[in-house]
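Trainee: Quick one, fold the following:
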Amino acid sequence: MLYKRIVETGTINEPEGKPDPQFALPSTVNWMRALALLAKDAPVSFDTAKAFYASQGKRSMGTQVENTVLEQLFLGLHHLSALENMRSGVPSADFARIGILAWYYGVSNAASAMIAAQNGSFQEDHSGTAKMWDSDIAARDLAMPPFSWRVSSLLEATFKPEVQAYRCSSFGELRTVPISVLDARGAAAGYLSGSAKWYAWKTTEEVRSSAAFKNLGVSDFRKKVARELKDARLAQRSMGFVHQASRYRGKANYREALFLAYGKSTETILQGFVADQAVVLRAFLAMAGAFASRKLGKGLWEEFLADVDTNRAFSTSAASVWT
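Mentor: Below you'll find the model as predicted:
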């Protein structure tokens, strides 16, 4: 009954009917499994990240900037602790939606820590964090694979070959569960491509509602002048891992109620999902912590670790992630 009402008949905000949740669920789970496989294969750990950032030196920053870096890392660690304690919870559907939120905010906190350590700024919104992390971290080769995967613009002619380069010879796709690292590359490339198309559509809609478009006196993009306006905006926009994470969180936060929670096959599909989220967030936090430790300096970093593990009220230790 609920499926027919929501998917086939629709709601106030989607009167034509909501998307079928069974199509979105496998890709949601499979992207996280792909990231977990790629992060383990790299591998992304505090030790490998320290080696990756060996050329990065201590940065002179004010006390409030230092505090921001430490605060954001601590927040991320708290989200990781929640995820790691949800792994054995049953049924998985009880934890899937809230798990995605914990995963995303952990990623966002870690990304914010890296940004503050890099340039001393803090973004107050999701889009600002994603944009700044991509431009000041990923675009400068300061992110480790698979978190470094990005497209340099939202023009299809630009991002299609970039996505293919990440895919390599893989035939893996989001619709099937990745088993091997090669499968994982294909699934991750598929999500990168889908995200680029989604952000390109979103940007196109922004152009359509802009004053510049309205001043052209057109209703679509068939005329050259309208296409040039759209393409110029698409060419200016890049997209990285935190953009993908934000889109991923949006599905859990705003998609219809049936997503992640309805259907006889849902529980089977969700097996291991929260555990994969914990693996990916732990890897991202390890990378962010290694970067921050170089920028903050050894003395403050060691003081931070000791204080967290003396005073934390949650279970996951800082030492388990950042030593």
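Trainee: now the helices: where do they sit in the stretch 101-250 of the chain?
Mentor: Here the stretch 101-250 of the chain has its helices, by DSSP state H, counting those that start in this stretch, at 126-136, 156-167, 181-208, 211-215, 224-236, 241-254.
Trainee: And those, which one averages the lowest pLDDT?
Mentor: Among the helices of the stretch 101-250 of the chain, helix 241-254 carries the lowest mean pLDDT, at a mean of 92.
Trainee: got the angle between it and helix 181-208?
Mentor: For helix 241-254 against helix 181-208, the angle by axes from the mean of the first three to the mean of the last three C-alpha atoms, to 10 degrees is 80 degrees.
Trainee: And the contacts of helix 241-254?
Mentor: With contact meaning C-beta atoms under 8 Å, 6 or more residues apart in numbering, helix 241-254 is reached by 24, 28, 31, 96-97, 100-101, 103-105, 107-108, 111, 126-127, 129-131, 133-134, 138, 143, 146-150, 191-192, 195, 198-199, 259-260. For the C-beta atoms, the positions are set from N, CA and C on the backbone; glycine is no exception.
Trainee: Tell me the buried residues in it?
Mentor: Neighbour counts over helix 241-254 (16 or more other C-beta atoms under 10 Å) mark 241-249, 251-252 as buried.
Trainee: next helix or strand past it?
Mentor: Next helix or strand after helix 241-254 toward the C-terminus (DSSP states H and E): helix 266-269.
Trainee: What's the end-to-end length of stretch 269-278?
Mentor: One end of stretch 269-278 sits 17 Å from the other (C-alpha to C-alpha, to the nearest Å).
Trainee: Tell me the buried residues in it?
Mentor: Applying 16+ other C-beta under 10 Å to stretch 269-278 flags 269-270, 272-278 as buried.
Trainee: now do stretch 78-93
Mentor: Using 16+ other C-beta under 10 Å as the test for burial, stretch 78-93 gives 78-84, 86-87, 92-93.
Trainee: repeat for stretch 135-147
Mentor: 137-138, 142-144, 146-147.
Trainee: Measure how far stretch 64-84 is from the centre of its chain, please.
Mentor: Here the centre of stretch 64-84 is set off from its chain's centre by 16 Å, with C-alpha atoms, centre = their mean, to the nearest Å.
Trainee: whoops, stretch 34-49 was the one
Mentor: The answer for stretch 34-49 is 15 Å, by C-alpha atoms, centre = their mean.
Trainee: First-to-last residue distance for it?
Mentor: 20 Å.
Trainee: For residue 18, state which of the buried residues of stretch 78-93 is nearest.
Mentor: residue 93 (18.0 Å; C-beta to C-beta).
Trainee: From residue 275, how far out is that closest one?
Mentor: According to C-beta to C-beta, to the nearest Å, residue 93 and residue 275 sit 15 Å apart.
Trainee: just residue 103 next, same as before
Mentor: Taking C-beta to C-beta, one finds residue 103 at 11 Å from residue 275.
Trainee: Contact partners for the residue nearest to residue 220 when sequence neighbours are not counted?
Mentor: Nearest residue to residue 220, sequence neighbours excluded (C-beta to C-beta, 6 or more residues apart in numbering): residue 226, at 7.0 Å. Contacts for residue 226 (C-beta under 8 Å, 6+ apart) come out as 213, 216, 218, 220.
Trainee: Now intersect those with the strands, please.
Mentor: Using DSSP state E to define strands, no part of the contacts of residue 226 is located there.
Trainee: which among those residues end up buried?
Mentor: So, by 16+ other C-beta under 10 Å, the buried ones in the contacts of residue 226 are residue 213.
Trainee: Turn the contacts of residue 226 into CSV, including distance to residue 53.
Mentor: CSV is the format used below for the contacts of residue 226 (distance: C-beta to C-beta, whole Å):
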residue, distance to residue 53
213, 43
216, 47
218, 49
220, 48
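Trainee: which among the contacts of residue 226 gets closest to residue 186?
Mentor: Taking C-beta to C-beta as the measure, residue 220 is the one of the contacts of residue 226 closest to residue 186, at 34.3 Å.
Trainee: Roughly how far does that closest one sit from residue 197?
Mentor: 19 Å.
Trainee: Check residue 216 too.
Mentor: For residue 216, the distance to residue 197 equals 24 Å [C-beta to C-beta].
Trainee: And for residue 111?
Mentor: Residue 111 is 23 Å from residue 197, by C-beta to C-beta.
Trainee: cool, and residue 285?
Mentor: Distance of residue 285 to residue 197, given as C-beta to C-beta: 29 Å.
Trainee: Which secondary structure element is home to the residue nearest to residue 318 when sequence neighbours are not counted?
Mentor: With C-beta to C-beta, 6+ apart as the criterion, residue 318 has its nearest non-adjacent residue at 4.1 Å, and that residue is residue 308. Assigned by DSSP H and E, residue 308 falls within helix 298-311.
Trainee: Okay then, goodbye and thanks.
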